[in-house]
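*Asks:* Compute the structure for the input listed below.
(one chain, ligands or ions: 4)
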Amino acid sequence: MHRKNIVKLAASMLTILALVAFYMVPVAMSQDDMTQVPADAFGTLERPRVAFAHDAHNEKAGIEECVVCHHGKTEDGKMDKENSSEGDPCSSCHAVKPTDGATPLMRAYHRQCITCHEAKGAGPVACGQCHAK
Ligand code: HEC
Ligand code: HEC
Ligand code: HEC
Ligand code: HEC
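*Replies:* Ligands and ions are numbered 1, 2, ... in the order given. You can find the predicted model right below:
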């Protein structure tokens with residue numbers, strides 16, 4: 001092989017390695033390791049962060065369909081209950097202070113978590129049970 005080709009080959013191998021590394025990171029930090037609901041979008045918090053062990057919670061609660069929590073958005077801006085959006089943070093569609101009448105982020109979490117706990121008669125429903133020190 002010519003030296004030029006070896007350099008080219010090495011360069012493309014490095015690119016592949018970089019791509020693999022890039023895509024491995026989110027996998028390594030996947031929902032398996034989630035212990036709290038992400039709260040960065042709120043900035044300064046008024047309440048203690050909420051514990052949520054993603055996989056363990058869903059297993060215990062017997063929820064099999066991801067779309068139950070990770071709904072999508074239809075072309076006309078409605079909630080899409082068929083196509084899931086897992087991997088997208090809730091804040092990608094629910095702003096903390098929306099200007100377009102959409103459900104704000106805090107309300108999105110509260111409605112989703114509390115509505116189901118009330119319906120099932122299981123899981124925390126009081127402020128201090130979720131926002132526990
Ligand atoms: C009870 C509700 C619920 C169910 C059911 C659920 N998730 Fe999630 N998931 C969440 C919440 C809440 C987050 C955090 C969202 C955010 O960042 O705002 C999340 C985050 C994630 C993330 C991002 C992980 C990270 O660390 O950033 C992935 C990937 C994910 N879920 C995949 C799934 C898959 C796959 C399923 C179905 C097997 C599923 N989820 C079922 C509530 C749920
Ligand atoms: C791909 C965009 C998208 C993502 C991601 C998303 N939502 Fe939504 N959600 C919508 C749309 C669109 C609606 C309907 C309009 C509205 O109420 O804002 C909606 C509505 C809601 C509602 C109101 C439903 C009702 O009963 O009226 C809740 C609660 C909600 N979302 C919670 C969540 C939570 C919690 C997450 C993250 C786990 C999440 N959403 C992620 C798009 C999204
Ligand atoms: C579709 C239904 C459903 C949704 C949505 C849901 N939960 Fe739950 N959750 C349950 C059920 C059922 C239990 C009781 C499980 C048991 O112990 O048998 C539970 C239990 C819990 C518990 C007790 C400890 C544990 O992990 O079992 C916590 C904490 C909790 N949920 C937090 C949350 C939070 C935070 C959200 C919103 C991001 C949420 N849940 C959304 C159904 C749900
Ligand atoms: C079922 C669990 C649950 C219950 C019950 C609950 N919350 Fe939350 N709340 C959440 C989640 C999840 C978030 C988003 C993640 C976070 O802030 O840690 C949130 C966010 C918030 C935020 C915005 C973030 C911050 O700290 O400034 C406030 C304020 C808040 N909740 C207040 C309350 C109050 C007041 C009550 C009782 C009336 C309550 N919550 C009950 C789950 C719950």
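*Asks:* what about S12, neighbour count?
*Replies:* 10 (other C-beta atoms under 10 Å). In this view, the C-beta of every residue, glycine as well, is placed from N, C-alpha and C.
*Asks:* and it, that one's in a helix?
*Replies:* Yes: membership of S12 in a helix is supported by DSSP: H, G, I helix; E, B strand; the rest coil.
*Asks:* Which pLDDT value goes with it?
*Replies:* On pLDDT, S12 comes in at 72.
*Asks:* just the one 5 residues further on next, same as before
*Replies:* Per-residue confidence (pLDDT) for L17: 61.
*Asks:* Now for L45: which residues touch it?
*Replies:* A39 (C-beta atoms under 8 Å, 6 or more residues apart in numbering).
*Asks:* ok, now A41?
*Replies:* Counted by C-beta under 8 Å, 6+ apart, A41 has contacts 89, 91, 96, 105.
*Asks:* Show me which pair in these is furthest apart.
*Replies:* With C-beta to C-beta as the measure, no two of the contacts of A41 lie farther apart than P89 and V96, at 12.0 Å.
*Asks:* Touching, V50 and A39? I think so.
*Replies:* Yes: contact criterion C-beta atoms under 8 Å: V50 and A39 qualify, at 7.5 Å.
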